[in-house]
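Visitor: only geometry, no sequence info:
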């Protein structure tokens, strides 16, 4: 199993119950009080769940679903399921009843864990469509409906009855039967490009990613504390967060909620965190908003310090060269005056972030490295058991997603699509031989991502299916443009559109805190956000900010029209995946009328210049009555 010393995840946990007997495995809050579980206790809890499931008739190969937000019960249930050789089917807590129905029916799950009454209610709505599901176990107590039996998690586990020596012997015999190639989980793709497919991952697949990831980063120690806040139903948090933590004997601490991550970082003081770019974008924005309010002298010190830090990183980590004395001194001065204070706002103990799930803007990445918080950007997919390449302290190229894990191979197809093969790659999609065959070419998995490989470093430029091909035949990757827009202090989110159209348009979500501040400074009266974003000075502000971004782009990549939206893209609204990536198909459908309007000849509009001579010379590139192809929609209907 590529030198991995365990056959399966439960085999690893059994070993750790002895090897790391004194190490904390889980830390979480329950009813306001912190709860701690060491590895022997976690192992016993997993065996209790396995015991309970066995009494309900669950056996090796059976699929058992988990429909829950992140919590300790999620981990304990997963480990209990796997200890019987059964298969975990994670379902996002944000899933609709219809989505849940599809995954339960497609997987054939018979038993399901839920977080509480809210998720259970979703199951009742589809009860007649899921007759195979005979039992629910809830992490919270409530009275269920007779049509769908429910028992409490502690009742299932018989928490007050310790595992007897005979029971332990029988359950460990089940663990011994679980092999590396046995199915560990079915993870359903988000379905942004069609019907969700159940990705089959084995114990070998998942453990390879967790084990090799720890080796490749060179940053994971068995005394580390990882703060978990991304959904465990997603492969990124499941493998690169949870399993990597377990396989290295670390402590996994649960954030109270995604909103409380900043204060949890200070309270729990994690040393390593797995995150998506959105967290870095928000932190970066908050820091620069604070800097914006500083005195001229303090702003000068801040920017000089960051520049010195970037220079230091370039020598030490990118070039792997001796740092000149002057550069080292500049970085030391930055450490004393700026960096240490910034790191304190992140808990003060972080040695590294691991970033994945979506591309991270290069300038944001460089900034975090400069202040002494390395962000190790990597790449992977559900089908590759999460990460399969990553940057580290000895191999770093900003803009890349690093070099391959040992045992993984990469190559590009004639159209630039990245192909991979190796021990992390799925065997295919559950009960879908057609989709499985389409995903592979001569044993190479087709990632659907466009990129290049230079000196062993992998660069991802965009999703193959998300490339915009304009009416003029130009191929444009929207994500780099969106990332540039999001760097602006007045812009929170951006969606760029233009496929088969004569020019690009954008939906802009403003930074609402900044916008309210702008309105106050300019004495703008408004009723609500919908009224504010349609206000003339606000539109002129966003127009100017887009013009500044346009100045950095090729002419065919520039935004010609835009709409300012009065609300953010959210998971609940359907515009974002659980890892905060844009659901492009959903956004296009949801805002189709607004998008179509930006291409209508009759639409009242103004042009957005590229800040480099395409406007009317007034500094923001805006002209009235611009010709078609050079105009923007004001946001009025």
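Guide: Yes, it's here. Since this is a predicted model, take the numbers as computed values, not measurements. Numbers count the residues shown, from 1 in each chain.
Visitor: within its sheet, name the partner strands of the longest strand along the chain and how each one runs.
Guide: Ranked by residue count, the top strand of the chain under DSSP state E comes out as strand 444-454. Using DSSP bridges, the neighbouring strands of strand 444-454 in the sheet come out as strand 417-421 (antiparallel), strand 440-441 (antiparallel), strand 457-463 (antiparallel).
Visitor: ok, and what's touching the longest one?
Guide: By CB atoms under 8 Å, 6 or more residues apart in numbering, the residues outside strand 457-463 that reach it are 359, 379, 389, 395, 397, 399-404, 410, 416, 418, 448-453, 477-480. Quick note: C-beta positions are derived from backbone N, CA and C, even for glycine.
Visitor: give me the secondary structure label for residue 400.
Guide: Assigned by DSSP: H, G, I helix; E, B strand; the rest coil, the conformation of residue 400 is coil.
Visitor: surely it meets residue 390?
Guide: No - in this structure residue 400 lies outside contact range of residue 390 using CB atoms under 8 Å: 9.9 Å.
Visitor: identify the contacts common to these two.
Guide: Joint contacts of residue 400 and residue 390 (CB under 8 Å, 6+ apart) are residue 377.
Visitor: flag the shaky bits of this protein, pLDDT-wise.
Guide: For the chain, the stretches with pLDDT under 70 are 1-2, 190-194, 601-607, 609-637.
Visitor: mind giving me the domain split of it?
Guide: 9-255, 276-464, 467-633 (automatic domain parsing).
Visitor: the longest one: end-to-end distance?
Guide: One end of domain 9-255 to the other measures 24 Å (CA to CA, to the nearest Å).
Visitor: can you get me a residue count around residue 351?
Guide: By the other CB atoms under 10 Å criterion, the neighbourhood of residue 351 contains 15 residues.
Visitor: over to residue 320?
Guide: Residues near residue 320, counting by other CB under 10 Å, number 11.
Visitor: I'd say it and residue 394 touch.
Guide: Yes - under the contact definition of CB under 8 Å, residue 320 touches residue 394, with a separation of 6.8 Å.
Visitor: that older thread, chain center to the longest strand of the chain: distance?
Guide: If you compare the mean C-alpha spot of strand 444-454 with that of the full chain, they lie 19 Å apart, counting by CA atoms, centre = their mean, to the nearest Å.
Visitor: likewise stretch 464-475?
Guide: In terms of CA atoms, centre = their mean, the centre of stretch 464-475 is found 26 Å from the chain centre.
Visitor: with stretch 276-294 instead?
Guide: Computed by CA atoms, centre = their mean, the chain-centroid distance of stretch 276-294 equals 18 Å.
Visitor: ok, and what's touching it?
Guide: 230, 236, 261-262, 298-299, 302, 342, 345-346, 353, 355-361, 364-365, 367-368, 375, 486, 489, 492, 511, 513-514, 579-581.
Visitor: could you redo the strands paired with strand 444-454 as a markdown table and give each row mean neighbour count and distance to residue 106?
Guide: Shown next, in a markdown table, are the strands paired with strand 444-454 (neighbours: other CB atoms under 10 Å; distance: least, CB to CB, whole Å):
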| stretch | mean neighbour count | distance to residue 106 |
| --- | --- | --- |
| strand 417-421 | 21 | 25 |
| strand 440-441 | 15 | 21 |
| strand 457-463 | 19 | 24 |
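Visitor: would you format those strands as a markdown table with distance to residue 108 included?
Guide: Below are these laid out as a markdown table (distance: least, CB to CB, whole Å):
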| stretch | distance to residue 108 |
| --- | --- |
| strand 417-421 | 29 |
| strand 440-441 | 24 |
| strand 457-463 | 31 |
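Visitor: identify whichever of the ones you listed lies nearest to residue 140.
Guide: Between residue 140 and the strands paired with strand 444-454, the shortest separation by CB to CB is 38.2 Å, and it involves strand 457-463.
Visitor: more crowded one of residue 400 and residue 390?
Guide: Remark: of residue 400 and residue 390, residue 390 carries more neighbours, 28 against 24, as counted by other CB under 10 Å.
Visitor: got phi/psi on the nearest residue to that one once chain neighbours are set aside?
Guide: On the basis of CB to CB, 6 or more residues apart in numbering, the spatially nearest residue to residue 390 that is not a chain neighbour turns out to be residue 378, at 3.3 Å. Torsion angles at residue 378 (phi, psi; degrees, to the nearest 10) stand at phi -130, psi -170.
Visitor: report the buried residues of the longest strand of the chain.
Guide: By 16 or more other CB atoms under 10 Å, the buried positions in strand 444-454 come out as 444, 445, 446, 447, 449, 450, 451, 453.
Visitor: of all those residues, which comes closest to residue 575?
Guide: residue 449 (21.3 Å).
Visitor: can I assume that closest one is in contact with residue 465?
Guide: No - with contact defined as CB under 8 Å, residue 449 and residue 465 do not form a contacting pair (9.6 Å).
Visitor: for residue 36, give me its contacts.
Guide: 24, 26, 27.
Visitor: swap in residue 239?
Guide: Contact criterion CB under 8 Å, 6+ apart gives 206, 209, 210, 213, 385, 386, 387 as the residues in contact with residue 239.
Visitor: now for residue 575: which residues touch it?
Guide: For residue 575, the residues meeting the contact criterion (CB under 8 Å, 6+ apart) are 569, 582, 583, 586, 587, 590.
Visitor: ok, residue 376 next?
Guide: Applying CB under 8 Å, 6+ apart as the definition, the contact partners of residue 376 turn out to be 217, 219, 352, 353, 354, 355, 390, 391, 392, 402.
Visitor: and the one helix or strand it maps to with strand 457-463, angle?
Guide: Secondary structure from DSSP states H and E places residue 376 in strand 375-381. Per axes from the mean of the first three to the mean of the last three CA atoms, to 10 degrees, the angle that strand 375-381 makes with strand 457-463 is 60 degrees.
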